[in-house]
Structure formats: structure tokens, C-alpha cells
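# need a 3D model of the following:
(one chain, ligands or ions: 2)
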Amino acid sequence: MTRLSVGIVALMCAGTVAVAQEKSSKVGNLLGTAAAVKTAVKGLNPDTVTDLQAAHNGESNASATYTAFAKKADKEGYKSVAALFRAASASEKIHAKAFAAVLKSGEVEAKAKLEKLDVKTTEENLKAAIAGETKEFKEIYPKAGAAATAKGDLTAAKAFKDALAAETKHAQLFSEASANLLTWRETGKAFLVCPTCGYTTDSGDTLKACPLCGVAREKFEVFK
Ligand SMILES: [Fe+2]
Ligand SMILES: [Fe+2]
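Ligands and ions are numbered 1, 2, ... in the order given. Have a look, this model is predicted:
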């Protein structure tokens, strides 16, 4: 081999190594980018985590409170109000689970601190329930949903939106019960809860599917 040939071979080898290194570097960048994207999808914004934990805590406490309110309503003879509280309790439990699932997707453990139950008369319990639901659907969930959307935490935003719709309906049903307490004592009302999103309704006769998530009416849990 002439000196020139050796030189050309050396240059070709160097070129091959350079191309290989470049490819290797590109693969490394791609892997790095993929890892970064994966982290970004998995990672929840810290503010979203705070809102999700507060929501999980609030829904867990609301579920326990409504179960106690249902027992009290049963004792006082308000059967339809008791059915509504049991339905709402089941709905809040579904929301608590949904918030816990979003937290888990971000590798965060959901934590709830159950407060001491504050059970009064059914009349007073309904007023407390209306106040709680109204605060949730007017302030807490619209704010949390908008913040999660702005931060790109869309699964969290969807969970806040589902809860907002259900809490709006809860407030409406509790208000109807509160305004017609004696009538509600006489009638045997039935309430349906969507097992997926917690949507709650008293329109079982006309309901075909969940207006929020599309689950078929047959899958709804009935409380009466
Ligand atoms: Fe609610
Ligand atoms: Fe639903």
C-alpha cells in the first residue's frame, strides 16, 4: 500500500468513526428526548398535586360525612333524604378514587385525613351539604381545573371537571330536599350514580346513559 493509499484508508476510517459517533450521539439525544418527554407526561406540576391532594381529602371526608348524614336521616324518618345522602356518598367516593388515580399516575401517594364527623339534624345537615357542594362547584373545582389545564395536567383537569359537574347536581338535589323536606319524607325517591364519573341524578326514568362519560344506564348504582 502506498503512503497515499494508507492516508485515504485512514481518512475513510476516521470518517466512518465520525459518522458512527454522530449517529450514536443522535441516538443518545433521541433517548434523552424520549426520557424527558416520558418524565414530562408522568410528572404532575406541584401545584396540581396540592390541588389533587386537597380534592382527594375533601371528597374522602364528604363521603364519610354523607354516610353519617344518611344514617341520621333514616333515624329521623327522611327516607328519600337518606337515599340521596347515600348516593352522594358513593359519588364522592368515586371522585376520591379518581383523584387518587391521577396522583398515582404521577407517582404520588394520595393521603386523606378524616375529620371528626359533625352530625346535626337532617335539616341542618342538608344546609351544611349545600354550603359544601356550592363552594366546590363555584370556587374550588373551577379554579383547580383551570390551573391544571394551564399547566398541561389534562388528566387532572378532567377529574376536576367531572367532580364539578357532579357537585353542581348534588347541590341542586340537596337544595330541592331542603326546600321540600316534608314532601321528601313521604315519597320514596330513587337516585342513580354513574360508577365511572360519579354523576348523580334522580331522573332514572328518562336516563339512557351518563351525560358526562357515556356509561349505560344499566351500569348505574341505584339508591332508594
Ligand atoms: Fe358532592
Ligand atoms: Fe359518568
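# C-alpha only now, for contacts and for neighbours.
Noted.
# could you list the low-pLDDT ranges of this structure?
1-42 (pLDDT under 70).
# quick one, what contacts residue 53?
99-100, 103, 110-112 (Cα atoms under 8 Å, 6 or more residues apart in numbering).
# go ahead and flag the most central residue of the protein.
residue 159 (3.1 Å; Cα atoms, centre = their mean).
# that residue touches residue 100, doesn't it?
No - taking Cα atoms under 8 Å as the definition, residue 159 is not a contact partner of residue 100, at 10.1 Å.
# now the two most distant members of the contacts of residue 53.
103 and 112 (12.5 Å; Cα to Cα).
# so which of the two has more stuff around it?
In terms of neighbours (other Cα atoms under 10 Å), residue 103 is the more surrounded of residue 103 and residue 112; the figures are 25 against 17.
# right, and that one touches residue 49 too?
Yes - Residue 103 lies in contact with residue 49 (Cα under 8 Å); the separation is 6.8 Å.
# buried stuff in the helix or strand harbouring the residue nearest to the centre of the chain?
Assigned by DSSP states H and E, residue 159 belongs to helix 154-179. Residues of helix 154-179 classed as buried under the neighbour-count rule (16 or more other Cα atoms under 10 Å) are 154-171, 173-175, 177-178.
# do that helix and ligand 2 meet at all?
No - taking Cα under 5 Å from the ion as the criterion, helix 154-179 and ligand 2 are apart, separated by no less than 8.1 Å.
# quick check: what element follows that helix along the chain?
Downstream of helix 154-179 (by DSSP H and E), the next one is helix 181-186.
# and the contacts of that next one?
Residues from elsewhere that reach helix 181-186, judged by Cα under 8 Å, 6+ apart: 77-81, 123, 177.
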